[in-house]
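> Quick one, fold the following:
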Amino acid sequence: MEQKGVKEFLKRKNVNITVKTYLIDALGAMAFGLFASLLIGTIFGTLGDKTQIPLFTTISDYCKTATGAALGVSIAYALHAPQLVLFSAATVGIAGNALGGPVGALVSTIVATELGKIVSKETRVDILVTPGVTIISGVLMAQFVGPGVSAFMTAFGNLVKTTTEMQPFFMGMLVSALIGIALTLPISSAAICIMLSLDGLAGGAATAGCCAQMIGFAVLSFRENGVGGLLAQGLGTSMLQMGNIVKNPRTWIAPTLASMVTGPIATCVFRMENIAAGAGMGTCGLVGPIGVYTAMGGGTNMWLGILLICFVLPAVLTFIFGEILRKIGWIKFGDLKLDL
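Coordinates of the predicted model:
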């Protein structure tokens, strides 16, 4: 009976302790927080460097400073936090990001938000208790887990980057395929790349995989979805196809094979690099190519690499693989139709 009472209380407080809540909903919202602060700030920073317009540099500095707060608010929003908890999460996000990076912000904000939701409107001094509990628990959690989490993510990211430098062909293929798959899944490839600080050659391989999924699905499904689908997936997200992939997983083969080809070409032929903030974005808003430009600074090799790796090869390869799959009956007309 007591266990039932706890479950009913948590349900009333909208506390859903599930993998989906924390690793899909919260992580996905975290990507929006990163985009609205660090990532857009990086783009403005690049504009400031290339145009020498001080306003862009100033905006970039403010955007990057707001990263922790943006992460806290976005994660709390995904967890359906009431107002006082939502606003208090800004402070928690700042502490979490400062002590443990994006993962520190994620963990500390999740704990603080759920505890804040539990005490919300349970006392007559809610204006003090709710933000107090949220901020104290969040900052303590940031201090407790932040440094360890940050050290682990940094070490793991460095391992991936080092092995990619040592084995650019095989690691280019692996990183490209895995990050590309993450982009299409209902999790955030952008957040993963930023959490791992996945830049350099590994960032270039990740870019190749993300572009292969987005451009690949856009071209593969053109006959069903037309220009609208082409733009929605090519400049938006291949995540739109997730429902169709669940119905027919074979639709995922062509863009994934394309990513396994473009990844090694990116690392071995063009030595493509990217910044962590752009590595997991693909062609979404052209952030991936902009990140490559930020990392590499120009040159014929860079522009040719962007053209081929981000656009031409994903389109051509996925189309060829897709036609083969259609001929053997693994993909049928309508399997990739979107409700646009």
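
> from here on, contacts and neighbour counts on C-alpha atoms
Noted.

> List the buried residues in whichever strand or helix holds Ala89.
Under the criterion of DSSP states H and E, Ala89 resides in helix 83-119. Using 16 or more other C-alpha atoms under 10 Å as the test for burial, helix 83-119 gives 84-119.

> Stretch 244-256 too?
Buried residues in stretch 244-256, counted by 16+ other C-alpha under 10 Å: Asn244, Ile245, Thr251, Trp252, Ile253, Ala254, Pro255, Thr256.

> out of those, what pair is the most spread apart?
Farthest pair in these (C-alpha to C-alpha) is Asn244 and Thr256. Separation: 15.1 Å.

> hang on, the earlier thing: out of the buried residues of stretch 244-256, who's nearest Cys284?
Nearest to Cys284 among the buried residues of stretch 244-256: Pro255, at 16.0 Å, using C-alpha to C-alpha.

> Identify the residues contacting that closest one.
Ala212, Gln213, Gly216, Phe217, Pro314, Leu317, Thr318 (C-alpha atoms under 8 Å, 6 or more residues apart in numbering).

> just those now: which is nearest Ala70?
The shortest approach to Ala70 among those belongs to Gln213, at 27.6 Å (C-alpha to C-alpha).

> If we ignore the residues flanking it in sequence, what's nearest the closest one?
Spatial nearest neighbour of Gln213, excluding adjacent residues (C-alpha to C-alpha, 6 or more residues apart in numbering): Pro255 at 5.1 Å.

> mean confidence for the one helix or strand that neighbour maps to?
Following DSSP H and E, one finds Pro255 within helix 253-264. Helix 253-264 carries an average pLDDT of 97.

> if we can go back for a sec, could you look up the next helix or strand downstream of the helix holding Ala89?
helix 126-166.

> now the helix or strand just after that next one and helix 126-166, what's the angle there?
Sequence order places helix 168-184 as the next helix or strand after helix 126-166, per DSSP H and E. Interaxial angle, helix 168-184 versus helix 126-166 (axes from the mean of the first three to the mean of the last three C-alpha atoms, to 10 degrees): 150 degrees.

> Could you list the residues in contact with helix 168-184?
Here helix 168-184 makes contact (C-alpha under 8 Å, 6+ apart) with 163-164, 188-190, 201-202, 205-213, 237-242, 256-257, 259-268, 280-281.

> Now it - C-alpha only, CSV.
Extracted as CSV, the C-alpha positions of helix 168-184 are listed here (Å, rounded to 0.1, in the frame of the first residue of the first chain):
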residue,chain,number,x,y,z
PRO,A,168,41.4,7.3,-39.8
PHE,A,169,39.9,4.7,-42.2
PHE,A,170,38.3,2.4,-39.7
MET,A,171,37.5,5.0,-37.1
GLY,A,172,36.2,7.3,-39.8
MET,A,173,33.8,4.6,-40.8
LEU,A,174,32.7,3.7,-37.2
VAL,A,175,32.3,7.3,-36.0
SER,A,176,30.4,8.3,-39.1
ALA,A,177,28.0,5.4,-38.9
LEU,A,178,27.3,5.7,-35.1
ILE,A,179,26.9,9.5,-34.9
GLY,A,180,24.8,9.4,-38.1
ILE,A,181,22.5,6.8,-36.5
ALA,A,182,22.3,8.8,-33.4
LEU,A,183,21.2,11.8,-35.4
THR,A,184,18.2,9.9,-36.8
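
> Cys211 is in contact with Thr283, isn't it?
Yes - under the criterion of C-alpha atoms under 8 Å, Cys211 makes contact with Thr283 at 5.7 Å.

> which residues do those two both contact?
Cys310.

> neighbour count winner among these two?
For Cys211 versus Thr283, neighbours defined as other C-alpha atoms under 10 Å are more numerous around Cys211 (38 against 26).

> residues contacting that one?
Gly180, Ser259, Gly282, Thr283, Ile309, Cys310, Phe311, Pro314.

> switch to 7 Å and redo it
Shown in contact with Cys211 (C-alpha atoms under 7 Å, 6 or more residues apart in numbering): Gly282, Thr283, Cys310, Pro314.

> closest to Gly68 among the residues you listed?
The nearest member of those to Gly68, counting by C-alpha to C-alpha, is Gly282 at 23.4 Å.

> Among the contacts of Cys211, the buried ones, what's the ChimeraX command?
To isolate the buried members of those in ChimeraX, using 16+ other C-alpha under 10 Å:
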select :282,283,310,314
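
> Save the contacts of Cys211 as TSV, and put in secondary structure, pLDDT and distance to Phe35 too.
Shown next, in TSV, are the contacts of Cys211 (DSSP: H, G, I helix; E, B strand; the rest coil; pLDDT from 0 to 100; distance: C-alpha to C-alpha, whole Å):
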residue	secondary structure	pLDDT	distance to Phe35
Gly282	coil	91	13
Thr283	coil	92	14
Cys310	helix	96	20
Pro314	helix	97	24
